[in-house]
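> how does the following fold in three dimensions:
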Amino acid sequence: MQIAKKELQASREKGFITLWPVAAGYRIEDGVVIREGNPLRRGYPLMSHPELPAEISKLQRGDEMRLLHFLKIYGELGYVKFTDRRNKKIKGDPIAWIWTHAQTLHFCLELLNGLKSKDKKLITTVLRAGRYRGQTSEMILVAMGAKFKDLPILPKKLITEGGPLEYAEKLLCDLINSNLINVRPKIYREEEGPHLRFTIGTLIEAAYWLLANDYVGGWLKRCEAPNCGSLFLQTDKRQTFCPKGLRQESLCASRVRLQRFRDSKK
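Now for the predicted structure:
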């Protein structure tokens, strides 16, 4: 398995040692992601990739081609580790579970954007599902670990009492915390002495941990590329497009550059 040593060292310095495996290929069978090929092709340190929340949030329910492209780059989200690993009937990530987590992260990013701007009107719009992919129901389906839960979008009393900020903060904390159940600190004996390290059980938990870090003290940016507009965790104030992540270049930046080149030839 190939390992990015520089990324691994940077991740270890932050206290994280988890490497996430990526298989040679994936397919979708009966609504479940199945690994193809053995042994696993490569691994990478999850916590060195702050683009994970945004990349997962872009997955659209029903778009299996985009999901398979994501899996090829980043691997599975880790459903099995939320469940009984001895249950041989569980073969991989259910795609309905993946898409619900994608919607939950999308919702969390929009909530966080409103909280960082302290814009009550924007938060109320998000809570009412105005930016939640067109959903108009009074309830919102979210993923909490391996389970789904319907939550009220915005209780009416909060609209009249003027408390959307407080409600949004509590909701965001609950959603993040419920998806970090396998994150644990451990003491490891190393050559230079004992070190406190964290183990991240799954890719999806890494995404929520990274989101939590941004909530506490990070930057959030909406991609400036036409036809994107996704929110991502900004690691450099100069970033204006979605990060490249494990790709050689940001897809959004590449599309914008190509369009500018075409426009210059007209």
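> okay, now T125: neighbour count?
Counted with other CB atoms under 10 Å, the neighbours of T125 add up to 17. For glycine as for every other residue, the C-beta is placed from the backbone atoms N, C-alpha and C.
> confirm that it sits in a helix.
Yes - counting by DSSP: H, G, I helix; E, B strand; the rest coil, T125 is part of a helix.
> quick one: it from S117, how far?
Applying CB to CB, to the nearest Å, the value for T125 to S117 is 12 Å.
> same question, Q239
Going from Q239 to S117 by CB to CB gives 18 Å.
> of all residues in this structure, which one is nearest the centre?
P53 (2.3 Å; CA atoms, centre = their mean).
> all strands for the stretch 151-266 of the chain, in order.
184-190, 193-199, 219-222, 231-234 (DSSP state E, counting those that start in this stretch).
> out of the ones you listed, deepest packed?
Mean neighbour count (mean count of other CB atoms under 10 Å) peaks for strand 231-234 among the strands of the stretch 151-266 of the chain, with a mean of 23.
> okay, now the unreliable bits of this structure?
1-6, 10, 13-15, 38-39, 84-88, 129-139, 152-162, 248, 261, 266 (pLDDT under 70).
> and it, what are its domains?
According to automatic domain parsing, the chain comprises the domains 2-217, 219-266.
> most neighbours per residue, which of those?
domain 2-217 (a mean of 17).
> partners of the one helix or strand W20 maps to in the sheet?
Following DSSP states H and E, the helix or strand that holds W20 is strand 19-22. If you go by DSSP bridges, strand 19-22 pairs up with strand 42-45 (antiparallel).
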